[in-house]
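J.: Model the structure of this input:
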Amino acid sequence: MKYHNLVILIFLFSCNAKKSETSTQITLKKNIENSIKELVNYRKADLAISIYEDDIKKMKVKYGLKDKKDLLDVTQSKLVYDKCLLISFRENRDDFEYNDVLGNFIVEKWKKKDYFEKYHFEDYNHNPTLSLMKMFDFYNSEDLKKYSDSLFIETLRRYKSGKYPDLEDCINNPNIYIK
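T.: Numbers count the residues shown, from 1 in each chain. Here you go, the predicted structure:
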């Protein structure tokens with residue numbers, strides 16, 4: 001009888017031990033997957049930077065400029081005006097300003113993050129920045145994902161309410177806003 005109870009106890013402990021191994025394996029697998037996702041995001045950022053740098057070179061040639069400081073990137077203006085950002089936030093047709101408290105809060109939080117690193121290949125005549133890395137980290141951040149999800153829900157609510165005709169026009173016929 002004692003032998004029988006001992007076998008049952010050993011069996012129960014071995015089952016429990018297998019569960020913890022499985023849990024550990026799952027955690028390890030998730031850590032590996034997260035690390036791989038991070039590597040993939042870095043590669044995506046690296047490719048995007050290549051596109052950006054190539055376009056800057058082309059624009060310098062197009063405009064006959066020697067310094068990229070003479071270029072004015074109007075991407076933000078295009079997003080605001082051509083892509084209905086202003087319309088999706090404003091409360092009524094007469095509002096030409098919008099107040100995005102949560103978006104502004106997240107941006108201010110990320111502006112405060114310092115990205116200063118020195119690398120072995122830098123000499124002291126350089127003033128390196130990691131500004132693009134900071135931008136991509138922000139773009140892939142959980143903060144921005146949560147914000148985007150809440151913004152989607154709020155914009156959908158506004159659209160369905162029928163109280164925002166400009167928003168309805170923008171979504172149903174976006175070409176009227178593109179210049």
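J.: From Asp166, how far off is Ile32?
T.: 47 Å (Cβ to Cβ, to the nearest Å). Backbone N, C-alpha and C define where each C-beta goes, glycine included.
J.: Who has more neighbours out of those two?
T.: Just comparing Ile32 and Asp166: by other Cβ atoms under 10 Å the higher neighbour count belongs to Asp166, 16 against 10.
J.: Okay, and the more buried one sits in which element?
T.: When elements are assigned from DSSP states H and E, Asp166 belongs to helix 165-172.
J.: What residues sit buried inside that helix?
T.: Buried residues in helix 165-172, counted by 16 or more other Cβ atoms under 10 Å: Asp166, Leu167, Glu168, Cys170.
J.: Nearest to Leu156 among the residues you listed?
T.: Set against Leu156, the nearest of the buried residues of helix 165-172 by Cβ to Cβ is Leu167 (10.2 Å).
J.: and Ser23, what element?
T.: Using DSSP H and E, Ser23 maps to helix 2-63.
J.: So the protein: which segments form each domain?
T.: For the chain, automatic domain parsing gives the domain ranges 1-66, 74-179.
J.: So, low pLDDT: which residues of the chain?
T.: Within the chain, the ranges that satisfy pLDDT under 70 run 1-21, 80-83, 85-99, 117-127, 176-179.
J.: again, only this time at 90
T.: Within the chain, the ranges that satisfy pLDDT under 90 run 1-60, 63, 65-104, 113-135, 147-179.
J.: Tell me the buried residues in the strand or helix carrying Lys160?
T.: Taking DSSP H and E as the criterion, Lys160 maps to helix 142-161. Of the residues in helix 142-161, Leu144, Tyr147, Leu151, Thr155, Arg158, Tyr159 count as buried by neighbour count, 16+ other Cβ under 10 Å.
J.: So which elements touch it?
T.: Helix 142-161 is packed against helix 101-111, helix 165-172, with contacts defined by 3 or more Cβ pairs under 8 Å, 6 or more residues apart in numbering; DSSP states H and E.
J.: tell me the angle the last one makes with helix 142-161.
T.: Right, the one you point to is helix 165-172. Helix 165-172 and helix 142-161 are oriented at 110 degrees to each other (axes from the mean of the first three to the mean of the last three Cα atoms, to 10 degrees).
J.: Please export the C-alpha coordinates of helix 165-172 as CSV.
T.: Provided in CSV are the C-alpha atoms of helix 165-172 (Å, rounded to 0.1, in the frame of the first residue of the first chain):
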residue,chain,number,x,y,z
PRO,A,165,-20.5,65.2,-41.8
ASP,A,166,-17.0,66.4,-42.7
LEU,A,167,-15.6,63.2,-41.3
GLU,A,168,-18.2,61.1,-43.2
ASP,A,169,-17.2,63.0,-46.4
CYS,A,170,-13.5,62.4,-45.7
ILE,A,171,-13.9,58.7,-45.2
ASN,A,172,-16.5,58.1,-48.0
